[in-house]
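Colleague: I need the structure of the sequence given here:
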Amino acid sequence: MLDTVGPELQVVNKTEHPISLEADTLVVLTPDQNKEAASNLLPLNFNGLSKVSNGISLSFNKCF
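Modeller: Predicted structure coming up:
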């Protein structure tokens, strides 16, 4: 399988500061690009996300 389209979802980080994701924390994905990106909130460039939900919550676990 080959994906030649490129990234379809991108995090909008207007500050361009690195964002560190931590294990066992909740991360909310939101289509609201006016929100500031942080370790617990990631605004995406995909407006269609609001048709699915007002936000999606993810939980990251450590992988070794």
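Colleague: now Asn47: which helix or strand?
Modeller: Here Asn47, judged by DSSP states H and E, is contained in no helix and no strand.
Colleague: in space, what's closest to it - neighbours in sequence excluded?
Modeller: Closest residue in space to Asn47, ignoring its immediate chain neighbours: Pro31 at 5.3 Å, by CB to CB, 6 or more residues apart in numbering. All C-beta atoms are positioned from the backbone trio N, CA, C, and that covers glycine.
Colleague: give the burial count for that neighbour, as a bare number.
Modeller: Taking other CB atoms under 10 Å as the criterion, the count of residues near Pro31 is 20.
Colleague: that one and Leu42, how far apart?
Modeller: Taking CB to CB, to the nearest Å as the measure, Pro31 and Leu42 are separated by 11 Å.
Colleague: about what we covered before: now the residue nearest to Asn47: how far from Val12?
Modeller: Taking CB to CB as the measure, Pro31 falls 10 Å from Val12.
Colleague: now Ser20
Modeller: Ser20 sits 17 Å away from Val12, going by CB to CB.
Colleague: okay, the two: which has more neighbours?
Modeller: The residue with the greater number of neighbours, taking Ser20 and Val12 and applying other CB under 10 Å, is Val12; the counts read 17 against 7.
Colleague: how close does the more buried one sit to Asp24?
Modeller: From Val12 across to Asp24, the span is 25 Å (CB to CB).
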